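Sharing a model prediction with you, sequence too.
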Amino acid sequence: MSLRIVVCVKYVPDATGDRHFAEDRTTDREAVDGLLSELDEYAVEQALQIKEANGGEAEITVLTMGGDDAKDALRKALSMGADKAVHVNDEALHGTDVLGTSLVLAKAVEHVGYDLVVCGMASTDGTMGVLPAILAERLGTPQVTLLSEVAVADGKVTGRRDGDAASEQLEASLPAVVSVTDQSGEARYPSFKGIMAAKKKPVEALELSDLGVDASAVGLEGSWTAVDGVTERPARTAGTIVKDEGEGGKQLAEYLAGQKFI
Amino acid sequence: MAEVLVLVDHVDGAVRKPTLELLTIARRIGEPVAVHLGAGADTAASTLGEYGATRVLAADAPEFGGYLVVPKVDALEQAVEAVGPVAVLVPSSAEGKEIAARLAVRLGSGLITDAVDLEAGDDGPVATQSAFAAAFTVKSRVTNGVPVITVKPNSAAPEAASAAGAVEPLEVSFGDAAKGTKVVSRTPRESTGRPELTEAAIVVSGGRGVNGAENFHVVESLADSLGAAVGASRAAVDAGWYPHTNQVGQTGKTVSPQLYIAAGISGAIQHRAGMQTSKTIVAINKDAEAPIFDLVDYGVVGDLFQVLPQLTEEVESRKG
Ligand SMILES: Cc1cc2nc3c(=O)[nH]c(=O)nc-3n(C[C@H](O)[C@H](O)[C@H](O)COP(=O)(O)OP(=O)(O)OC[C@H]3O[C@@H](n4cnc5c(N)ncnc54)[C@H](O)[C@@H]3O)c2cc1C
Ligand SMILES: Cc1cc2nc3c(=O)[nH]c(=O)nc-3n(C[C@H](O)[C@H](O)[C@H](O)COP(=O)(O)OP(=O)(O)OC[C@H]3O[C@@H](n4cnc5c(N)ncnc54)[C@H](O)[C@@H]3O)c2cc1C
């Protein structure tokens, strides 16, 4: 049986850049270069491994919702080995909250057709870590999330979820939504061949109307949360730096005692 | 008076500290009503009452432990229906966030995750969030439905405020989705006897500079002398020197202790994301140019294998 896998990937501002908010208090996506969220590379990697374990009998579609530049994230995922891409891009989406984003992605996943949806553990900009759970809620499929190990066989997905209190072995029937953590295994680098091949792979562009989503349900206006203010955290005041000349540990103890920690 | 639902995080009725913080925060908005799912409600109730819960809605069923997330969403949804609260507060654990998120969809509510503070406002509760590796502070608000908000550990100091804490059974019926994801087996994490990383007043972390699992005892010894939790950078975790549950940073835990000590950690943005809001920051690094020194209140440029043992000895001797 050929598996239909949809991988959700987000295009995010580079975390090592000087990230800011724009005038309207949404993420400034102009000032800092964007990239495929590193945490979604793990999702692409696991999808590729599931396909390989299934004897190549799977079709991997990478899906993103984002502006024009977000196609770079799709290209990267295609060059890693995904088969095709879907780009939901619509002016009306600017400033959409997680409920709106999940609504659009759920419609897009249904549009593509799926047995398995693979997400990252969290985006590196919004960092909510909840979108996969919401997708499962909206799609009415099992949620098998935050896996550090995942496998698909015989119409079932199994995996290990390492929580705070316990490590759990999970199992669910397909179709299902999974998310994988950065403990799931390093993502491969695109090969030269992969990069060349990616240029010829199809990218389907969709607007809200193609998905039957009303513009009033998304965007800043359609958001059910509002940001009233953003303030840059003041830089920490410069501290005391000493060089260890043999008494560094004692000097540090003196400082900690002065601060009443010891 | 308006009621605020608080989902209790507990282990068999032993209430975890973030829940007490949540009850404290909830009282700024209304009367806290605790929702206790799983065994031990009677044990938990006295603690919950002590911190201001007027009522404790309790439900226990095998589904809560046997299946992932959804049974708890069903229960919390039914608690919302029964109480009609002005807000729902959930601890910002991985599971807590997923429960809150699915609940928000069902209620048609806006969702705020990872609040680090919460105040009453004219148009409903106002949350404070940290953004972009804690470089920014954001004030946000839910504008539709009953606000569903997850709150990070250490967002408030728990304050006792005696209330009835009366246990009331909560009738729960589970929907079709509840049994979607089966928990086939569960291996509890072994207790180290040290404080919880996210709850500790002091955290001592080691990074790549620790250079081997066999060397982590220098970090642990200092932590034990200070009664601290032990953290690690991703480099140390990826190398297999320390468990992932102890990782501090973007894909590990966010900590905000009174004192954070970083040893052999360079201070990459993803590490800073998890510790930048600590009150006092101290670093030991042999490279004077390491970015971690931009954050510190006190830094020692030196070899951690010299500095940490000397500090540990000094702490021990001062204890007398
Ligand atoms: C600092 C900050 C705080 C925010 N706080 C809130 C808030 O409290 N409430 C709220 O409703 N919104 C909030 N938002 C907006 C929210 O981040 C976006 O709506 C976003 O589209 C979804 O959340 P996330 O990026 O945090 O996703 P996460 O839940 O962290 O993403 C998990 C996974 O979902 C998939 N995914 C996420 N976004 C996309 C996408 N656009 N295309 C394809 N796949 C995707 C990826 O696989 C990703 O790894 C915030 C944004 C920022 C920048
Ligand atoms: C998506 C993503 C998520 C990430 N999430 C996290 C996260 O959650 N947490 C995290 O920590 N990182 C995370 N990282 C990785 C992060 O970018 C850094 O690679 C990592 O923090 C480096 O760890 P380190 O500081 O221990 O190692 P290094 O950067 O190698 O630094 C080691 C330091 O030790 C010093 N040193 C060496 N020997 C000694 C000695 N004997 N005495 C004193 N000092 C010594 C060196 O001078 C150096 O400064 C993430 C990266 C990505 C892309």
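Right, received. Where do you want to start? Ligands and ions are numbered 1, 2, ... in the order given.

how about residue 107, phi and psi?
You didn't say which chain, so I picked chain A. phi -60, psi -40 (degrees, to the nearest 10).

To clarify, I was referring to chain B.
The phi and psi torsions at B:Leu107 (degrees, to the nearest 10) take the values phi -80, psi -10.

hang on, it packs against B:Gly145?
Yes. At 5.3 Å, B:Leu107 and B:Gly145 qualify as touching, with contact defined as CB atoms under 8 Å. All C-beta atoms are positioned from the backbone trio N, CA, C, and that covers glycine.

So for those two, which sits in the more crowded spot?
Using other CB atoms under 10 Å in any protein chain shown, the more surrounded residue of B:Leu107 and B:Gly145 is B:Leu107, with 19 against 16.

just for chain B, where's the confidence low?
Across chain B, nothing is flagged by pLDDT under 70.

Which residue ranges make up each domain of it?
Here the domain parsing of chain B from automatic domain parsing is B:3-179, B:202-319.

So A:Thr16: helix, strand or coil?
coil (DSSP: H, G, I helix; E, B strand; the rest coil).

neighbours of it, just the number please.
Using other CB under 10 Å, A:Thr16 is surrounded by 13 other residues.

same question, the one 4 residues further on
The burial metric for A:His20, expressed as a neighbour count using other CB under 10 Å, is 17.

Name the residues of chain B found near ligand 1, please.
Selection of chain B residues close to ligand 1 by CB under 6 Å from any ligand atom yields B:111-113, B:129, B:131.

check contacts around B:Leu68.
Residues near B:Leu68 by CB atoms under 8 Å, 6 or more residues apart in numbering or on different chains: A:143-145, A:161, A:168, A:170, B:180-183.

run the last query once more with 6 Å
Taking CB atoms under 6 Å, 6 or more residues apart in numbering or on different chains, we find B:Leu68 in contact with B:Thr181.

Could you point out which of the domains of chain B sits nearest A:Val150?
Within the domains of chain B, the stretch nearest A:Val150 is domain B:3-179; the backing value is 13.9 Å (CB to CB).

Give me the contacts around stretch B:284-291.
Contact with stretch B:284-291 is made by B:263, B:266-267, B:292, B:300-301, B:303-304, B:307, as judged by CB under 6 Å, 6+ apart.

Name the residues of the stretch 101-250 of chain A found near chain B, please.
Residues of the stretch 101-250 of chain A found near chain B (CB under 6 Å from any CB of the partner chain) are A:128-130, A:133-134, A:137, A:142-144, A:146, A:166-172, A:182-183, A:224-233, A:236, A:239-244, A:248-250.

Just the buried ones among these, please.
For these, a neighbour count by 16 or more other CB atoms under 10 Å in any protein chain shown gives the buried set as A:128-130, A:133-134, A:137, A:142-144, A:146, A:167-168, A:170-172, A:182-183, A:224-227, A:230, A:239, A:244, A:248-249.

returning to that earlier point: I'd like the residues of chain B next to ligand 1 laid out as TSV, including neighbour count.
Compiled in TSV, the residues of chain B next to ligand 1 are given as follows (neighbours: other CB atoms under 10 Å in any protein chain shown):
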residue	neighbour count
B:Leu111	28
B:Ile112	28
B:Thr113	26
B:Gln129	22
B:Ala131	21
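
Mind checking which of these land in strands?
In this view, these that belong to strands under DSSP state E are B:111-113, B:129, B:131.

out of those residues, which touch chain A?
B:112-113.

Name the nearest of the ones in strands among the residues of chain B next to ligand 1 relative to B:Val8.
Closest approach to B:Val8 among those (CB to CB): B:Thr113, at 18.4 Å.

Up against ligand 1, what does chain A have?
With CB under 6 Å from any ligand atom as the criterion, chain A meets ligand 1 at residues A:8-10, A:27, A:37, A:39-40, A:43, A:63-66, A:96-99, A:101, A:105, A:119-120, A:122-123, A:125-132, A:225.

when you check these against the strands, which ones overlap?
Counting by DSSP E, the residues of chain A next to ligand 1 place A:8, A:63-65, A:119-120, A:225 in strands.

so which of the residues you listed comes closest to ligand 2?
Using CB to the nearest ligand atom, A:Gly120 comes nearest to ligand 2 of those, at 9.2 Å.

buried residues in stretch A:93-107?
Under 16+ other CB under 10 Å, the buried positions of stretch A:93-107 are A:93, A:95-107.

Could you do stretch A:173-192 as well?
For stretch A:173-192, the neighbour count (16+ other CB under 10 Å) marks A:174-184, A:187, A:190 as buried.
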